[in-house]
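> Fold the following and give me the result.
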Amino acid sequence: MDEVNILLVEDNEGDIILTTEAFKDMQLENKISVVKDGESALQFLKKQGEYADSPTPQLVLMDINLPGINGKELLDIIKKDDNLKEIPVVMLTCSDRDADISDCYDKHVNWYITKPIDYEKYTKVMHEIEAFYVSFVPYPKGGK
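From the prediction side, this is the model:
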């Protein structure tokens, strides 16, 4: 399997460590890039500024509660952009509010997951994401 580029948009250092460690434990052929706010994520996705040479991610994992451009705003921007809209976006967040869940699906999130607090459950969620998006979902070669 080819390497899968994943963009993690998360401002909580503990969640960054949990996510990257869970993917490392799976020993996958992937590259995880991390940005800590919506503005940086947008620059990364559009290959602007310091992210001009960044890989095009085949999967975006993001939190709702981000500084600046929040996760729902960023999701809306991604799904309305012809060059980005095909990238699967998984909202990985602490919010279990019905309004947040509905808003995200209205904005075409691919999957909404409430972050488990327990490490084993969190790792299981990462395995499920890997099983579906990394192992089974085909991605266009070369991106747009």
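> dump the residue contacts of the spatially most central residue of the chain.
Central residue of the chain (CA atoms, centre = their mean): residue 61, 1.4 Å from the mean position. Residue 61 makes contact with 6-10, 19, 90, 92, 129, according to CB atoms under 8 Å, 6 or more residues apart in numbering. For every residue, glycine as well, the C-beta is placed using N, CA and C.
> Next: residue 96.
residue 114.
> Let me know the secondary structure of it.
coil (DSSP: H, G, I helix; E, B strand; the rest coil).
> how close does it sit to residue 102?
Distance, residue 96 to residue 102, using CB to CB, to the nearest Å: 12 Å.
> can you check residue 91 too?
The value you get for residue 91 to residue 102, if CB to CB is used, is 12 Å.
> more crowded one of these two?
Comparing residue 91 with residue 102 by other CB atoms under 10 Å, the one with more neighbours is residue 91, at 28 against 11.
> related to what we said a few turns ago, dump the contacts of residue 61 to TSV, plus neighbour count and pLDDT.
TSV is the format used below for the contacts of residue 61 (neighbours: other CB atoms under 10 Å; pLDDT from 0 to 100):
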residue	neighbour count	pLDDT
6	25	91
7	24	96
8	23	96
9	28	98
10	26	96
19	24	87
90	20	94
92	25	92
129	23	80
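> returning to that earlier point: who does the residue nearest to the centre of the chain bridge with?
Counting by DSSP bridges, residue 61 is bridged to residue 8, residue 90.
> quick thing: my sequence starts at 20, can you match it?
Yes, from this point I'll number from 20; that puts the last item at residue 80.
> And the pLDDT at it?
At residue 80 the predicted local confidence, pLDDT, stands at 95.
> go on, residue 156?
59.
> Need the CA coordinates for the helix or strand where residue 147 lies. PDB is fine.
Using DSSP states H and E, residue 147 sits in helix 138-148. Provided in PDB are the C-alpha atoms of helix 138-148 (Å, rounded to 0.1, in the frame of the first residue of the first chain):
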ATOM      1  CA  TYR A 138      -6.700   5.600  25.900                       C
ATOM      2  CA  GLU A 139      -7.700   2.100  24.900                       C
ATOM      3  CA  LYS A 140     -11.000   3.300  23.400                       C
ATOM      4  CA  TYR A 141      -9.200   6.200  21.700                       C
ATOM      5  CA  THR A 142      -6.700   3.800  20.200                       C
ATOM      6  CA  LYS A 143      -9.700   1.600  19.000                       C
ATOM      7  CA  VAL A 144     -11.200   4.700  17.300                       C
ATOM      8  CA  MET A 145      -7.900   5.300  15.500                       C
ATOM      9  CA  HIS A 146      -7.900   1.700  14.400                       C
ATOM     10  CA  GLU A 147     -11.400   2.100  13.000                       C
ATOM     11  CA  ILE A 148     -10.400   5.300  11.100                       C
END
